[in-house]
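> Build me a model:
(chains A and B)
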Amino acid sequence: QKEVEQNSGPLSVPEGAIASLNCTYSDRGSQSFFWYRQYSGKSPELIMFIYSNGDKEDGRFTAQLNKASQYVSLLIRDSQPSDSATYLCAVRKAAGNKLTFGGGTRVLVKP
Amino acid sequence: GAVVSQHPSRVICKSGTSVKIECRSLDFQATTMFWYRQFPKQSLMLMATSNEGSKATYEQGVEKDKFLINHASLTLSTLTVTSAHPEDSSFYICSAPGARGDEQFFGPGTRLTVL
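Numbers count the residues shown, from 1 in each chain, chains lettered A, B, ... in the order given. This next block holds a predicted model:
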């Protein structure tokens, strides 16, 4: 079992719709959860992080964490073609420690 | 946010040669830096944790004698791929945690192609 699992996609979303991405993790000791966006040929850029159960909103993005179910998700509202990228879920056990990445979900937003 | 740079951004070398990649934290100090490798259509895989003033910690399956890491100062870590072969061709990315440790700042990556 992989430590962090994501559906590889592609997830095809019409422009203006909501994209929903899921991520599960195996280590219950994980404390911090991150969503990164990566465009082809570029390094990852942080979208947001979440530590506590529940929802966290930042602009068009909402992260949801459920530690009991070992599940974290990302919602992208009003999806734009520029959101087309690979979205990486990452988990960390403690501050400053290494990140473990999932395989990424490729999102395609069609005009 | 904090800035991490990498140099070079792209390098092409012949099989058997060694290549050095630099990772710098430009406006903050980093006692720890992380080196990742990413093959096409795959995710980032952590290779090693670089520690300022001490030996790097390598992940399982990563050859420490092939991927030499030096973290000589609080702003610079280097990764040297020794005797590179075509299978080492990949995208190498470094990162450093910020002062609070809340997030990691990634460098722009180095594309290595070994002919």
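> Centroid-nearest residue for chain B?
Nearest residue to the geometric centre of chain B (Cα atoms, centre = their mean): B:Trp35, 3.7 Å.
> which residues touch that one?
The neighbourhood of B:Trp35, defined by Cβ atoms under 8 Å, 6 or more residues apart in numbering or on different chains, consists of B:23, B:46-50, B:67, B:69, B:77, B:79, B:92-94. Where C-beta positions appear, they are placed from N, C-alpha and C, glycine not excepted.
> Give me the nearest residue to it, chain neighbours excluded.
The spatially closest residue to B:Trp35, leaving aside those adjacent along the chain, is B:Met47, at 4.6 Å (Cβ to Cβ, 6 or more residues apart in numbering or on different chains).
> Which elements pack onto the helix or strand hosting that neighbour?
With the criterion set as DSSP states H and E, the secondary-structure element containing B:Met47 is strand B:45-51. Under the contact definition 3 or more Cβ pairs under 8 Å, 6 or more residues apart in numbering or on different chains; DSSP states H and E, strand B:45-51 sits against strand A:99-101, strand B:32-38, strand B:57-58, strand B:67-73, strand B:76-81.
> any idea of the mean pLDDT for the third one?
The predicted model assigns strand B:57-58 a mean pLDDT of 95.
> Does at least one residue of that strand sit close to chain A?
No: with Cβ under 8 Å from any Cβ of the partner chain as the measure, strand B:57-58 is seen stopping short of chain A, the closest distance being 9.0 Å.
> ok, now the last one?
No: Strand B:76-81 stays clear of chain A (Cβ under 8 Å from any Cβ), getting no nearer than 14.1 Å.
> list the helices and strands that strand packs on?
On a contact count with 3+ Cβ pairs under 8 Å, 6+ apart, strand B:76-81 meets strand B:19-25, strand B:32-38, strand B:45-51, strand B:67-73, strand B:90-97.
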